[in-house]
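Build me a model:
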Amino acid sequence: MKQGDTKNWYLVYCKPRQENVAKRNLERQGFETYLPVARQRRRRLGRPKMVVEPMFPRYLFIRLDAQHDDWGPIRSTLGVTTLVRFGQFPTPVPGDLISNLRQRDDDEGIQQLPDYTYRPGEPLRIADGVMAGFEGIYLARSAKDRVLVLLEILGQQARVELARDTIEPIC
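Numbering: from 1, shown residues only. A predicted model of the protein is given here:
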């Protein structure tokens, strides 16, 4: 923070899938915002596809001066639900969090998230395909985009090879 700079970052809670709408409308009102986005693998029409989505769905950051900015219009801005509060007042976000996030942005302002790395023996869930909902155990990577999973089917254990993007970790 610059000397004499009394601005802090705060968190705006947005309406579902309206982070960009809120960002655009807040910026039209002269507010500084930051919406971290990342490339993520999603399945669209049964095929894996890389998409750019907000890193924190329904949230965006806004930089405000507690003493000089008029916060009143924020809540009634199209796409915005409210400012995130802990207690009665909005709570500032640590400035180094924003700095760290911005440093990871590429030239397009997009973050590349690392793929989740499974360890042998780790439980997982099949998220897509005819076996969606089944839970199993990660065994190994079998090819570039394929993995070997141990499933229990009809009381018997079976090794099944699946597309990497059809599984998800069990949290």
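
same for the helix or strand of the chain with the lowest mean pLDDT, what does it pack against?
In the chain, no helix or strand scores lower on mean pLDDT, DSSP states H and E than strand 37-44, which sits at a mean of 79. When contacts are defined as 3 or more C-beta pairs under 8 Å, 6 or more residues apart in numbering; DSSP states H and E, strand 37-44 packs onto strand 47-54, strand 110-112. (C-beta placed from N, C-alpha, C; glycine too.)

Let me see the domain layout of the protein.
7-112, 123-169 (automatic domain parsing).

and those as a markdown table, adding mean neighbour count?
Output for the domains of the chain, formatted as a markdown table (neighbours: other C-beta atoms under 10 Å):
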| stretch | mean neighbour count |
| --- | --- |
| domain 7-112 | 14 |
| domain 123-169 | 14 |
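
Lowest average confidence across the ones you listed, which one?
Among these, domain 123-169 carries the lowest mean pLDDT, at a mean of 87.

Between the two ends of that one, how far is it?
Start-to-end span of domain 123-169 (C-alpha to C-alpha, to the nearest Å) is 7 Å.

From the chain's centroid, how far away is that domain?
24 Å (C-alpha atoms, centre = their mean, to the nearest Å).

Likewise for stretch 39-55?
Taking C-alpha atoms, centre = their mean, the mean C-alpha location of stretch 39-55 is offset from the chain mean by 12 Å.

who's in contact with it?
With contact meaning C-beta atoms under 8 Å, 6 or more residues apart in numbering, stretch 39-55 is reached by 19, 35-38, 60, 101, 110-113, 115, 128, 145, 163, 165-166.

Any chance of CSV for the helices and strands packed on strand 37-44, columns distance to Thr82?
Listed next are the helices and strands packed on strand 37-44 as CSV, based on distance: least, C-beta to C-beta, whole Å:
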stretch, distance to Thr82
strand 47-54, 17
strand 110-112, 26
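
Out of the ones you listed, which is closest to Arg141?
strand 47-54 (15.8 Å; C-beta to C-beta).

No further queries at this time; thank you.
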